[in-house]
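In: need coordinates for the following:
(2 chains)
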Amino acid sequence: MTTWTEHLIIMPILLPLAAGALMLLFSERRYALKRVISLATTLALIALATWLVRDAASAPEPQIYLLGNWPAPFGITLVSDRLSAVMLLLANILGFASLTYASAGWDRAGPRFHALFMLQLVGLNGAFLTGDLFNLFVFFEVLLAASYGLLLHGARRERVSAGLHYISINVAASLLFLIGASLIYSVTGTLNLADLAVRISAILPENLALFQAGVSVLMVAFLIKAGIWPLGFWLPSTYSAAAPPVAALFAILSKVGIYAILRMSALMPENSLGAATPFASEWFQIGGTATIAFATIGILSSRSLARLAGFSLMISSGTLIATIGFSEAVRAAALLYLVSSTLAVSAFYLLIELIARGDAQTAPMAPDAVFDDEDPSRVEENGQTEIGVVIPASWAVVGGVFMFFALLLAGLPPLSGFVAKFAIIDGLLRPQATPATWTLIGMIMISGLAVVIAASRAGVDLIWTPDRPPAPLRLAEAMPIGLLLTLSVALTIFAGPAMAYAEQASRALSHSHLMFETAPPMQRLKMAP
Amino acid sequence: MEFILACGIGILTASGVWLILRPRTFQVIVGLSLMSYAVNLFIFAMGRLRIDAPVIVGRGATADPARFADPLPQALVLTAIVISFAMTALLLVVLLASRGLTGTDHVDGEEP
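Out: I've put the predicted structure just below:
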């Protein structure tokens, strides 16, 4: 029986795609219209994602959508389970927050901001929903292509230089992705994740090395996106060069890599995790710990808020990567940590611009017009726009909010960051802690301390001591930060239900090879060797 | 045939890797292009090399898998070619912008 609600799962991809395409038709001068369209789209996306989360929380099995109703391993499938639904919700909330912030003026710093933003959401939503490896690649490319455009938004010298590095690294990483995916295909003969889970156990011993090589190459590609230690040097400089609302959305991009790693590693058979990838969890732990260590040093040495936010993003990536190979309970806690740290980093990037507003460096600056229809009046150096409701005592608000998010990132009580980190460490100690685990726990603690030190130093330097007059805080800019703040507080208050949801998601993930049986894998046509 | 193809892929990749480690932006782009050619050939080869085997079942012919090449890698290659082509074009634009803004073609935007 098909009802119309079954088709809603594809809407998070189609809706922003249509909105993005529509906005290309309008002249850049009609920016008010574009703002309305894109804000309405993101609101609709949040509603859709909330519906998917509720649906996933109540249903024991994932929702599977077969495009064109082609049978499962042949056609393209979309899968929405607890993990993908919550990632979808997080991505669209960040999208809404950054878009609201950008609507206060940043969106006019360059052409085609809203269309690119919508395409970015298409890529993100698609990557979270897709059920096969090659479409994961395609959606990765969609989100990367849009992110190249967004990174260059309001083109300036350091943005173009950072963009050059970012694009080169990601093109190379995509090539690794293709090598990994095609190696996996050559051994198993499928790219559908559910089908793959079934076939992994049937791999012939002589092909196992090839399969492991494929999975490893693929993981390297994901780890580059997640910003693991020797591969993540590009991350802080790229994100700090981006326009603040763009960087706030980019906070979720590195989490896409982590999501993909979680999905892939969940496919490996439970006990013979050793059989398919004997080294994976150890390497994740080593790499993650090294990432935390590197980012801790980085955060202590960073002299600007943007780099501070970039390194705290790396700390959160490192913590998540290091905890991938552990038990279900750790993974559940890591999920909660993922959500709370992403919200905090995103809010950090938005705050940075408010704090550093006086500097000409971060102010939106328009380059020469490229397209005919560009808005000639768009240069407004720190100028007031039409959304000019100014909030009094803005400096106190900014300082307080900055402190709140610093505490959240550091994982100090009573905020959700603390709950998540506590649960992670508790889970790590559970079976028995090896020296490597103790190192990881120590690094997690030290990184929290480093965040507190670096954030308080930056706060004193930039917020509380300078004697320049505080910049006026506009409503459109305060609102998204307030939204992220409210969500973080809500996540703290409702940590119990959130944790229960994360536990279910984690449990479902470790049974994903059983869970996908609602879409029975078909016998593939036998290929000649 | 496998040996020749493997050598070709290897040489392309090696040249590409050497080029992306060079300091000039244009070298990096040519290196990435060479590597994407290598990867495209690699994907193609992952469907196993067959001679005189079409990928499409003809009208009225029986669908005997032994007589046909695997069509999926070829479809993947098409997608990969389009994507890497688009990315190279975009990278070229960024190269020109970087050259215009910094006045040098060094990858870091300044001469060492």
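In: tell me the contacts of residue A:286?
Out: By Cβ atoms under 8 Å, 6 or more residues apart in numbering or on different chains, the contact set of residue A:286 is residue A:436. C-beta here means a position set from N, CA and C on the backbone, and glycine is covered the same way.
In: please apply the same query to residue A:146.
Out: Counted by Cβ under 8 Å, 6+ apart, residue A:146 has contacts A:116-117, A:119-120, A:122-123.
In: how about 7 Å then?
Out: Residues in contact with residue A:146, defined by Cβ atoms under 7 Å, 6 or more residues apart in numbering or on different chains, are A:116, A:119-120, A:123.
In: was I right to think residue A:166 contacts residue A:152?
Out: No - the criterion here is Cβ atoms under 7 Å, and residue A:166 misses it with residue A:152 at 9.5 Å.
In: and the contacts of residue A:146 as TSV, adding pLDDT and secondary structure?
Out: Below are those laid out as TSV (pLDDT from 0 to 100; DSSP: H, G, I helix; E, B strand; the rest coil):
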residue	pLDDT	secondary structure
A:116	91	helix
A:119	93	helix
A:120	93	helix
A:123	94	helix
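In: most neighbours among those residues, which one?
Out: Within the contacts of residue A:146, most neighbours by other Cβ atoms under 10 Å in any protein chain shown means residue A:120, with 28 neighbours.
In: please look at that residue and residue A:149 and confirm they touch.
Out: No - Residue A:120 is not in contact with residue A:149 according to Cβ under 7 Å; the separation is 8.3 Å.
In: how far out from the middle of the chain is stretch A:255-263?
Out: 9 Å (Cα atoms, centre = their mean, to the nearest Å).
In: and what of stretch B:86-106?
Out: That offset, for stretch B:86-106, works out to 20 Å (Cα atoms, centre = their mean).
In: contact partners for residue A:232?
Out: Residues counted as contacts of residue A:232 (Cβ under 7 Å, 6+ apart) are A:291, A:314.
In: distance of it from chain B?
Out: 18 Å (Cβ to the nearest Cβ, to the nearest Å).
In: return the distance of that residue relative to residue A:411.
Out: Residue A:232 is 21 Å from residue A:411, where distance means Cβ to Cβ, to the nearest Å.
In: could you look up the SS state of residue A:153?
Out: Using DSSP: H, G, I helix; E, B strand; the rest coil, the structure places residue A:153 in coil.
In: look up phi and psi at it.
Out: Per-residue torsions, residue A:153: phi -60, psi 130 (degrees, to the nearest 10).
In: pretty sure it contacts residue A:111?
Out: No - judged on Cβ under 7 Å, residue A:153 makes no contact with residue A:111 at a distance of 8.7 Å.
In: what sits closest to residue A:119 if chain neighbours are left out?
Out: With sequence-adjacent residues excluded and distances taken as Cβ to Cβ, 6 or more residues apart in numbering or on different chains, residue A:119 is closest to residue A:146, at 4.0 Å.
In: okay, that neighbour: pLDDT?
Out: pLDDT for residue A:146: 92.
In: for it, pull up the helix or strand it's in.
Out: In this structure, residue A:146 sits in helix A:133-151 according to DSSP states H and E.
In: try residue A:451
Out: helix A:435-459.
In: and residue A:481, by the same measure?
Out: helix A:475-493.
In: report all helices and strands that that helix contacts.
Out: If contacts are counted by 3 or more Cβ pairs under 7 Å, 6 or more residues apart in numbering or on different chains; DSSP states H and E, helix A:475-493 sits against helix A:82-102, helix A:328-355, helix A:394-410, helix A:416-429.
In: which of those helices has the lowest mean pLDDT?
Out: When I compare those, helix A:394-410 is least confident, with a mean of 83.
In: find the nearest non-adjacent residue to the residue of the stretch 1-150 of chain A at minimum distance from chain B, please.
Out: Per Cβ to the nearest Cβ, residue A:141 is where the stretch 1-150 of chain A lies closest to chain B, at 5.0 Å. Closest residue to residue A:141 apart from its sequence neighbours, by Cβ to Cβ, 6+ apart: residue B:83 at 5.0 Å.
In: now do the helix or strand harbouring the one you found against helix A:133-151, angle only.
Out: Secondary structure from DSSP H and E places residue B:83 in helix B:71-102. Angle of helix B:71-102 versus helix A:133-151, following axes from the mean of the first three to the mean of the last three Cα atoms, to 10 degrees, is 10 degrees.
In: helix B:71-102: which residues count as buried?
Out: Judged by neighbour count (16 or more other Cβ atoms under 10 Å in any protein chain shown), helix B:71-102 contains these buried residues: B:72-73, B:76-77, B:79-80, B:83-84, B:87-88, B:90-91, B:94-95, B:97-99, B:101-102.
In: any idea of the mean pLDDT for that helix?
Out: With pLDDT averaged residue by residue, helix B:71-102 scores 89.
In: around chain A, which positions in chain B sit nearby?
Out: Within chain B, the positions lying close to chain A (Cβ under 7 Å from any Cβ of the partner chain) are B:20, B:25, B:28, B:32, B:35-36, B:39, B:42-43, B:46, B:65-66, B:70, B:73, B:76, B:79-80, B:83, B:87, B:90-91, B:94-95, B:97-98, B:101-102, B:107-109.
In: SS state for residue A:326?
Out: coil.
In: separation between it and residue A:116?
Out: Counting by Cβ to Cβ, the separation of residue A:326 from residue A:116 is 38 Å.
In: wait, doesn't residue A:86 sit right on residue A:55?
Out: No - with contacts defined as Cβ under 7 Å, residue A:86 does not count as touching residue A:55, sitting 11.9 Å away.
In: have a look at those two and say which one is more surrounded.
Out: Neighbours per residue (other Cβ under 10 Å) separate residue A:86 from residue A:55, with residue A:86 holding more: 24 against 17.
In: and the closest residue to that one other than its chain neighbours, what's its pLDDT?
Out: On the basis of Cβ to Cβ, 6+ apart, the spatially nearest residue to residue A:86 that is not a chain neighbour turns out to be residue A:53, at 5.9 Å. pLDDT, residue A:53: 90.
In: what helices or strands is the helix or strand where residue A:53 lies leaning on?
Out: For residue A:53, the element it lies in under DSSP H and E is helix A:31-58. Judged by 3+ Cβ pairs under 7 Å, 6+ apart, the packing partners of helix A:31-58 are helix A:11-25, helix A:82-102, helix A:113-129.
In: now do the same contact list for residue A:6.
Out: So residue A:6 contacts residue A:65 (Cβ under 7 Å, 6+ apart).
In: do that again at 8 Å, thanks
Out: By Cβ under 8 Å, 6+ apart, residue A:6 lies in contact with A:63, A:65.
In: just say helix, strand or coil for it.
Out: Here residue A:6 is helix, with the state taken from three-state DSSP.
In: would you confirm that residue A:284 contacts residue A:325?
Out: Yes - between residue A:284 and residue A:325 there is a contact under Cβ atoms under 8 Å: 5.0 Å.
In: between these two, which has more neighbouring residues?
Out: Remark: of residue A:284 and residue A:325, residue A:284 carries more neighbours, 23 against 18, as counted by other Cβ under 10 Å.
In: done for today, thanks.
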